[in-house]
Every structure is written in structure tokens, then in C-alpha cells.
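S.K.: based on what follows, work out the 3D shape:
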Amino acid sequence: MRENIQSAIQQAIDGAPERGFVESVEMAFTIRDVDLKIPTNRIQEEIRLPSGRGKPIRIAMFAGGEMATKARAAGIDVIDPSTIEDLGGNRQKARKTAGQYDFFLSEIPHMGTVGRHLGAVLGPRGKMPRPVPPTLEPGNIATGLKDTAIVRSRDRVTFHTAVGSREQGIDDLTSNAVAVWERVTGKLERGAGNIRSCYVKTSMGPSVKVEVIG
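M.R.: A predicted model of the protein is given here:
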């Protein structure tokens, strides 16, 4: 499969014109013969990409006091917990905030407030914050997330994730995509036999089909 994935990525990059920004390289799956109405059949994976994501990510944290200071020192944007309710009451602003960041963190005492007021916006996007205990450094968690891809099918047979950026070399992108492929197929009862199709593309480029070996 590695050769097939690498070939598709190369075609996707060759077939997409250069843009004025760094495009992500994305991998999309459509699965078959899997009952996604059963929650345990759904794909919900965090995958450490061996070659990293290839471009910076943005992380925000709901925090105050000393934890907010630590977060800022680690390059994490801080959202004042006292603003959570107001943010949740402005759906447009909440959506904009959700779109600005790749990941959210939160001090544990604020998790319930975030869930009540922002769960409807963050939940469907797979961006509910990760709780940070007082004994952990938020910067350490952020460092791990910089190389992490999230793959979520929810109840849909088609889902996708970024496997890197166009600035990375073909070997790095292939290693990342293979890691995602292996994790996804490893969660399916029939492995690649449950994959109806797989495509790769740059953010705004054409999709290229990966030849799937069942």
C-alpha cells in the first residue's frame, strides 16, 4: 500500500497549482459494511504523525491565574473563563473561535462550563477541550498535539484528516499517510476490505484516488 499511497500523493501535488499559502495534504476515506449507528464501530483516533503536521497549529486554553501564565509562556492563546458564557451566547463568534484553533485545552474546573455553553459548537467539530490537571504543564500537552492528526468518522461513512502540508517532502507525507491508513484499517473488522475508497488531495487541489489493496 505504501507505493500506492505515495503515487497518489505525488499526483495530487503535481496536479495542484501553487497557492499563496501553505496547503495541507488531506486523506479521505469512505468505508463500507460498517454500522456506524453503533458508537463502538466509529473511528475516533488520535494519531501521532511520524513526520509531524508540517505547519504550525493554533491552540487555545480556557484558563486563569498561574495556569494562564504558563499557557501564554508556551505560546498558547488564553481564553478568560469568565467570558465562556458570553461566547456561548454569540453563536457566530463561537463558531469563529472554533475555526481559529486546531485544539483547545482547559483547566479541569472549567470543563463543565465549556460543555454547557460551547459544547454544541465545539463537540461536532471534534474540538472539545482536553482537561489539564494542575500538576501538568500545558506546554507539554501542546508539544504533543503539534504532531497529532485527529480522525473522526462520527456516524458518516466518509471522513478525512490532514496528513501533513505541501511543504513537506514526499517521503514524509507518505510516512504520515501510511500511519493514518494503518490506524484506520486496524480499527475495521475486515481492515482494507471495509474501505470503499480512499483519496488524497491538497487543500484546494483535485482528489486523486488511492488504489486500495484489500
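S.K.: when you work out contacts or count neighbours from here on, use the C-alpha atoms and nothing else.
M.R.: OK.
S.K.: hang on, isn't Glu211 packed against Asn4?
M.R.: Yes. Here Glu211 reaches Asn4: they are 5.9 Å apart, a contact under Cα atoms under 8 Å.
S.K.: so who does Met111 touch?
M.R.: Residues near Met111 by Cα atoms under 8 Å, 6 or more residues apart in numbering: 129, 131.
S.K.: average pLDDT for the top helix by length along the chain?
M.R.: Under DSSP state H, the helix in the chain containing the largest number of residues is helix 170-186. For helix 170-186, mean pLDDT is 97.
S.K.: elements contacting it?
M.R.: Under the contact definition 3 or more Cα pairs under 8 Å, 6 or more residues apart in numbering; DSSP states H and E, helix 170-186 sits against helix 2-14, strand 44-48, strand 158-165.
S.K.: give the next helix or strand downstream of that helix.
M.R.: Remark: after helix 170-186, the chain's next helix or strand is strand 195-202, criterion DSSP states H and E.
S.K.: any idea how far that next one is from the chain center?
M.R.: Its chain's C-alpha centre lies 16 Å from the corresponding centre of strand 195-202 when counted by Cα atoms, centre = their mean, to the nearest Å.
S.K.: just stretch 128-136 next, same as before
M.R.: In terms of Cα atoms, centre = their mean, the centre of stretch 128-136 is found 18 Å from the chain centre.
S.K.: do stretch 150-169 as well
M.R.: Averaging C-alpha positions (Cα atoms, centre = their mean) puts stretch 150-169 7 Å from its chain's average.
S.K.: likewise for stretch 68-79?
M.R.: Distance of stretch 68-79 from the chain centroid (Cα atoms, centre = their mean) equals 21 Å.
S.K.: list the buried ones in stretch 47-55?
M.R.: Residues of stretch 47-55 classed as buried by neighbour count (16 or more other Cα atoms under 10 Å): 47-54.
S.K.: returning to what we had before: quick one: contacts of the longest helix of the chain?
M.R.: Contacts of helix 170-186 (Cα under 8 Å, 6+ apart): 1-2, 5-6, 9-10, 25, 27, 43, 45, 47, 49-52, 163-165, 191-192, 194-195.
S.K.: from one end of stretch 15-26 to the other, what's the distance?
M.R.: The first and final residues of stretch 15-26 sit 14 Å from each other (Cα to Cα, to the nearest Å).
S.K.: any buried residues in that stretch, and which?
M.R.: 23-26.
S.K.: give me the distance between the closest residue to Thr30 other than its chain neighbours and Thr135.
M.R.: Nearest residue to Thr30 in three dimensions, chain neighbours excluded: Thr158, at 4.2 Å (Cα to Cα, 6 or more residues apart in numbering). Per Cα to Cα, Thr158 is found 39 Å from Thr135.
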